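# when you get a sec, could you give me coordinates for this:
(2 chains)
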Amino acid sequence: MPRERKGKSEKISSTLEMPFQVIEVKDLTDSAYIVSITRNAMPFTAGQHILLGEAGSTQMREYSVYSGETDEHLEVLVREVEDGLVSRRLKRLKPGDTLQVEPPVGFFTLPLARLPHDRFLFIASGTGIAPFHSFIRSNPDLDYTLLHGVRKADEDFGADDYNHRRYIQCTSRDRNGRFYGRVTDYLKKYPQPDFAMVYLCGNYDMILEAMDILRTQGYREEQMVAEVYF
Amino acid sequence: MHRTVAFRTLGCRLNQYETDALASAFDKDGYSIVELEDEADVVIINTCTVTNQSDRKSRQVMNQAIRRDTDHRKLIIMTGCSVNNHKEALGAISGVSYLVENGQKSQILNIVNSHFRGEMVDPSRLPEDLFGFAAAERTFHTRSIIKIQDGCDNFCTFCIIPEVRGRAVSRPLPDILENIRQVLDFGFKEVVLTGVNIGRYDFDGHNFDDLVEKVLDLPGDFRVRISSIEPDGFGDKLYRLFQHPKLAPHMHLCLQSGSERILLQMRRMYTARRFREITDKIRRQRPDFNFTTDIIVGFPGETEADLMETVEFAREIGFSHIHTFKYSKRHGTRAERMPDQLTEAEKNRRSEIIRLVSEENKRKYRESMLGKTQRVIVEKVENGMAMGYGEHYIPVAFPARGLGWNEWASVKLWSLDDGEDPTVRAKMISDI
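Residues are numbered from 1 along each chain as shown, chains lettered A, B, ... in the order given. Predicted coordinates:
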């Protein structure tokens, strides 16, 4: 996002003037949930991430914004990490609790000039679906296919938010998804050579393997954009 | 009363620019610039925090300055990234007069002058002004370093810079062009565009490529060098601009690792393959283009195979210089929490491997340039020999024949010295 602050840096440790308050914590699966918070008119570009933590805490973590650019509230999708310092505490938040949020950053964003005519392939594993959710909510006419790798079909992370013809859930531990196997198995079995751009978000093993497969299907480096989740 | 000031700069070219600008401002205000070892009324240490070693060096310089100040009359000022990162700890050290964060660095002359008038200024209460440095006339360098932006939004997992330099902010284009016009009037013949992440320059619809084009369009006999740049920011126009005779065929293009796996974990926004495409594209236009780079060794989880990929990649691209950093855990970064952190001994071993590759590449590249001509700006003349850098950023020495500092010389590269950083011996074209 272009910034023109003319000589004043925006320190990431700066405290935004209005407090961010929790509106709701909504479970999506046993381990994944959405934190909905007040937006305070903070602009962002779909695909960017914010730093989030409890008010007063020194521990903050990066989360991709899950909600759309024009949505009233700001949402992030969180996976609860066993022994995690932040994700477990965020889950216990109650409406009205205060959070500290640092402004959105990141370049995992769509090329706006290409949206009206180009087709996009989105490949996610687990909560790596969050930026794609934001892409799709922000751009309702987007021409996309979304491959989503999860272990079991009930980890659908809000599948109803996507056009069912465009959303392909790949499940590696049960056969109740649209495809049984990893997203990389899907790519090998059903080559996807016709997209203008491919965006990948999730764990790095998936990203590296998927990019190798996509290269064999003719994709050039500048057609692939990746965001790693740890 | 006539006063003296000494400077010490650690770290990046942006720090060098800021010190140059400060030194020039002090000089204009009547201060004499002296060496750090000399008795100075004011000592300004512009620090770096990019690695543990940078922090350590910054503190060493500070401790030396404090030790030398036996009668407690010196004004010792610490500024720069180490101050932003460790303000509390540095504040507890007696002997330091002022801690000035990056945002207020451009106002150090005012802080010092106020102090000598008996006015104690709290630097943290001054407004932030990242681009408040006047064009520098008398500097420590033959080349004029020009700051075009500050801060970074990339948030690589190992990097503390967004914390200490803040988010990316671009200097207004008209100010940059005016700054360059001024330094050309001062007599500088080369300008070096610098910042934290210059490829992401973005002001009023002008990106980095547009900025370079505008700078090249300025009248005068000068050349432009692009300093350290990330491979993910600039656009297609820059490739074409490298055909412009004023744009130096050299880039310090930061690689960090040749392993795709490590690049992804570092959250670099390019692949090694993409990096290769960039260098190939540039070398198709300029086969002798000089690429130098930064490499980090010992990133968490870096295996021997990852290191070997980096070694092979560095040989393939033929970086003529590699600035090797041993990975340092920086508090608050994502990599701090990554498993498989490596020992210092292992990082040292890997660093040495990369150093040897750099040395081998450097010799090979400079040998490949023998027989070619260069337009050198003389940086010093000693014992009848002129020394300086040509457009490809190779150190060159040749008989001065009456040439002086900051003069152009067209030379033919002739032979190569021995040693780790071999100077290229040359002859002036007029002598051949």
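# for the rest of this, base every contact and every neighbour count on C-alpha atoms.
Noted.
# and the residue of the stretch 151-300 of chain B nearest chain A?
residue B:166 (4.4 Å; Cα to the nearest Cα).
# count the residues that sit near residue A:61.
Counted with other Cα atoms under 10 Å in any protein chain shown, residues neighbouring residue A:61 total 17.
# wait, it sits on residue A:49?
No. The criterion here is Cα atoms under 8 Å, and residue A:61 misses it with residue A:49 at 9.8 Å.
# can you list contacts of the helix or strand containing residue A:89?
Assigned by DSSP states H and E, residue A:89 falls within helix A:87-91. Contacts to helix A:87-91, defined as Cα atoms under 8 Å, 6 or more residues apart in numbering or on different chains, come from residues A:25, A:33, A:35, A:53-54, A:78-82.
# which of these ranks first by neighbour count?
Most neighbours among the contacts of helix A:87-91, by other Cα under 10 Å: residue A:78, with 25 neighbours.
# beta partners for that residue?
residue A:33 (DSSP bridges).
# mind listing what it touches?
A:32-35, A:63, A:87, A:127.
# next one, pLDDT for it please.
You'll see residue A:78 listed with a pLDDT of 95.
# next, count neighbours for the nearest residue to residue B:422 once chain neighbours are set aside.
Distances taken as Cα to Cα, 6 or more residues apart in numbering or on different chains put residue B:416 closest to residue B:422, at 6.2 Å, once the chain neighbours are dropped. Residues lying near residue B:416 (other Cα under 10 Å) number 18.
# cool, residue B:59 as well?
For residue B:59, the count of nearby residues is 18 (other Cα under 10 Å).
# give me the element it is part of.
Secondary structure (DSSP H and E) places residue B:59 in helix B:52-68.
# give me the phi and psi for residue B:133.
phi -80, psi 130 (degrees, to the nearest 10).
# wait, it touches residue B:106, no?
Yes. Judged on Cα under 8 Å, residue B:133 makes contact with residue B:106 at a distance of 5.4 Å.
# which one's more surrounded, the two?
Using other Cα under 10 Å, the more surrounded residue of residue B:133 and residue B:106 is residue B:106, with 23 against 20.
# make sure that one is indeed in a strand.
No. Judged by DSSP: H, G, I helix; E, B strand; the rest coil, residue B:106 forms no part of a strand; its state is helix.
# roughly how far apart are it and residue B:20?
11 Å (Cα to Cα, to the nearest Å).
# what does the biggest helix by length in chain A rub up against?
Looking across chain A with DSSP state H, the single longest helix is helix A:204-216. Helix A:204-216 is touched from outside by A:125, A:183-184, A:187-188, A:192-193, A:200-201, A:221, A:224, A:226, A:228-230, B:260-261, B:264-265, with contacts defined as Cα under 8 Å, 6+ apart.
# can you flag the buried ones in those?
Buried by 16 or more other Cα atoms under 10 Å in any protein chain shown: A:125, A:183-184, A:187, A:192, A:200-201, A:221, A:224, A:226, A:228-229, B:260-261, B:264-265, out of the contacts of helix A:204-216.
# out of the residues you listed, which one has the lowest pLDDT?
Among the buried ones among the contacts of helix A:204-216, residue A:229 carries the weakest pLDDT, at 91.
# I'd say that one and residue A:201 touch.
Yes. Residue A:229 is within contact range of residue A:201, at 6.9 Å (criterion: Cα under 8 Å).
# which residues of chain A score low on pLDDT?
Applying pLDDT under 70 to chain A flags the ranges A:1-17.
# what segments of it are strands?
Along chain A, counting by DSSP state E, strands occupy A:20-27, A:32-37, A:49-54, A:61-64, A:74-79, A:98-105, A:119-125, A:143-150, A:167-171, A:179-180, A:197-202, A:224-228.
# which strands and helices sit next to the shortest one?
Of the remaining helices and strands, those touching strand A:179-180 by 3 or more Cα pairs under 8 Å, 6 or more residues apart in numbering or on different chains; DSSP states H and E are strand A:167-171.
# go with 10 Å
For strand A:179-180, the elements it packs on are strand A:143-150, strand A:167-171, helix A:183-189, judged by 3 or more Cα pairs under 10 Å, 6 or more residues apart in numbering or on different chains; DSSP states H and E.
# by how many degrees do the second one and strand A:143-150 diverge?
The one in question is strand A:167-171. 20 degrees (axes from the mean of the first three to the mean of the last three Cα atoms, to 10 degrees).
# and the chain, what are its domain boundaries?
This is for chain A. For chain A, the structural domains run A:20-105, A:112-228, going by automatic domain parsing.
# please go with chain B instead
According to automatic domain parsing, the domains of chain B span B:4-125, B:144-365, B:373-431.
# returning to what we had before: ok, then the element right after the helix holding residue B:59?
strand B:75-80.
# the helix or strand that that following strand is followed by - what's its average pLDDT?
Using DSSP H and E, the helix or strand that follows strand B:75-80 towards the C-terminus is helix B:81-85. The pLDDT scores in helix B:81-85 average 94.
# run through the neighbouring helices and strands of helix B:81-85.
strand B:42-47, helix B:52-68, helix B:87-91, strand B:98-100, helix B:161-165.
# may I see the buried residues of the second one?
Counting neighbours by 16+ other Cα under 10 Å, one finds that the buried residues in helix B:52-68 are B:54-55, B:57-59, B:61-62, B:65-66.
# kindly reformat those as TSV containing distance to chain A and pLDDT.
Listed next are those as TSV, based on distance: Cα to the nearest Cα, whole Å; pLDDT from 0 to 100:
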residue	distance to chain A	pLDDT
B:54	22	94
B:55	21	94
B:57	25	94
B:58	22	95
B:59	24	94
B:61	27	93
B:62	26	93
B:65	30	91
B:66	30	92
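# between those, which is nearest residue B:310?
Nearest to residue B:310 among the buried residues of helix B:52-68 is residue B:54, at 23.6 Å by Cα to Cα.
# how much space between the closest one and residue B:349?
Distance, residue B:54 to residue B:349, using Cα to Cα: 19 Å.
# then residue B:390?
Distance from residue B:390 to residue B:349, by Cα to Cα: 33 Å.
# who's more crowded, those two?
A direct count of neighbours by other Cα under 10 Å for residue B:390 and residue B:349 places residue B:390 higher, at 21 against 14.
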